[in-house]
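**Q** Turn this into a model:
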Amino acid sequence: MRIVTAAAIIDEGKLLVARRGKGQSMEGYWELPGGKVEEGESPESCLAREIEEELGISIEVLDEVGRAPIRGNGEEMTLVAFIARIASGLPSLSVHSEVRWIGPDDEKGLQFCAPDVSIVKEVMKLIGKGSRNHRY
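**A** Below you'll find the model as predicted:
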């Protein structure tokens, strides 16, 4: 089964989300940025590579925060999401039409890709608790 990664990038109690760009499947939906793991690549290294390519930033990949099934194009995949933080750079747009930092009350008005919904909710719970036992 193919693995797709997603980054729950957190900074100062906010989560970075990205809106899928023009011409992409699920255009206009919000997501946690990431991408497909290539052969011989770990999910963590895939995520760091994808975020560099998509957003132009370097991240530190921390703890796994959730998994969700993805079904589409006749292929079953698993989304694996990790908490991450920016190591260097500022997010820029290349494949997305918009990025936004959101807090626990901001997610309700955004339409997320189906696999991201449960993970975003879990991340918002962590942010809402202000958990200090995590490294973000």
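
**Q** rest of the way, CA atoms for contacts and neighbours
**A** Noted.

**Q** show me the contacts for the residue nearest the centre of the chain.
**A** For the chain, the residue nearest the mean C-alpha position is residue 32 (2.4 Å; Cα atoms, centre = their mean). Contact analysis of residue 32 by Cα atoms under 8 Å, 6 or more residues apart in numbering lists 6-8, 16-18, 116, 120.

**Q** if you look at these, which of them are in strands?
**A** Among those, the ones falling in strands (DSSP state E) are 6-8, 16-18.

**Q** which ones are touching the residue of the chain positioned farthest from its centre?
**A** Farthest-out residue of the chain from its mean C-alpha position, per Cα atoms, centre = their mean: residue 74, at 22.8 Å. Contact analysis of residue 74 by Cα under 8 Å, 6+ apart lists nothing.

**Q** Kindly report the same for residue 109.
**A** Contacts of residue 109 (Cα under 8 Å, 6+ apart): none.

**Q** Which single helix of this structure contains the most residues?
**A** With secondary structure taken from DSSP state H, the chain has its longest helix at helix 114-129.

**Q** Show me what that one is packed up against.
**A** strand 58-72 (3 or more Cα pairs under 8 Å, 6 or more residues apart in numbering; DSSP states H and E).

**Q** Tell me the helix or strand right after the strand it packs on.
**A** For strand 58-72, the following helix or strand on the C-terminal side (DSSP states H and E) is strand 75-88.
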